[in-house]
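Trainee: take a look and give me a structure for this.
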Amino acid sequence: MQIRMNMLRPIDDYFLQKDEPIRSCLQFLREHIIKHDVAISEAWRYGMPFYYYKDKMLCYLWVHKKFHLPYIGMVDGQIINHPGLIQEKRARMKIMLIEPSEDMPVGDIDDILSQAIKLRQ
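Mentor: Modelled structure (predicted):
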């Protein structure tokens, strides 16, 4: 008798491959972004978890290579005005670094997501 193993989707595997506390932080962000608006959907694009608002790119989750911190990358972030976003050397995107050992800045995340959604309407 052959046992068939359930294969994880690449997007689910991405989160499970991270070490704690980054894994929990990213999983919280994943759920929070999806729950922010019923029109937000999740997809595996460009080798990362990507979030869309009504089929328009909104943001993605990643871990900063230099700082080893999770972050939310905002598409068209250069248009969003929020002190929690940093540009670095990106032309179009801004990122919000998240410190997993501190309280989640839910209010700031919601404000940034709301601004980004207004750009997509």
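Trainee: quick one, longest strand in this structure?
Mentor: The longest strand of the chain (DSSP state E) is strand 56-63.
Trainee: that strand: partners in the sheet, and parallel or antiparallel?
Mentor: Neighbouring strands of strand 56-63 in its sheet, by DSSP bridges, are strand 48-53 (antiparallel), strand 70-74 (antiparallel).
Trainee: so which of those strands is nearest Phe28?
Mentor: With C-beta to C-beta as the criterion, Phe28 lies closest to strand 70-74 of the strands paired with strand 56-63, at 9.5 Å. Heads up, the C-betas are built off the backbone N, CA and C, glycines and all.
Trainee: circling back: highest mean neighbour count out of the strands paired with strand 56-63?
Mentor: strand 70-74 (a mean of 24; mean count of other C-beta atoms under 10 Å).
Trainee: what does that one rub up against?
Mentor: With C-beta atoms under 8 Å, 6 or more residues apart in numbering as the test, strand 70-74 has contacts from 22, 25-26, 29, 33, 58-64, 80, 85, 93-98, 100, 109, 112, 116.
Trainee: show me which of those residues are buried.
Mentor: Among the contacts of strand 70-74, the ones that count as buried by 16 or more other C-beta atoms under 10 Å are 22, 25-26, 29, 33, 58-62, 80, 85, 93-96, 98, 100, 109, 112, 116.
Trainee: need the strands paired with strand 56-63 in a markdown table (columns: distance to Met7 and mean pLDDT).
Mentor: A markdown table is the format used below for these (distance: least, C-beta to C-beta, whole Å; pLDDT from 0 to 100):
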| stretch | distance to Met7 | mean pLDDT |
| --- | --- | --- |
| strand 48-53 | 18 | 97 |
| strand 70-74 | 25 | 97 |
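Trainee: any chance of these in a markdown table, plus distance to Asp12?
Mentor: Shown next, in a markdown table, are the strands paired with strand 56-63 (distance: least, C-beta to C-beta, whole Å):
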| stretch | distance to Asp12 |
| --- | --- |
| strand 48-53 | 10 |
| strand 70-74 | 16 |
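Trainee: in the sheet, who's paired with the residue lying closest to Gly77 once chain neighbours are set aside?
Mentor: Nearest non-adjacent residue to Gly77, counting by C-beta to C-beta, 6 or more residues apart in numbering: Lys94, 2.8 Å away. Beta-bridge pairing for Lys94 (DSSP bridges): Met74.
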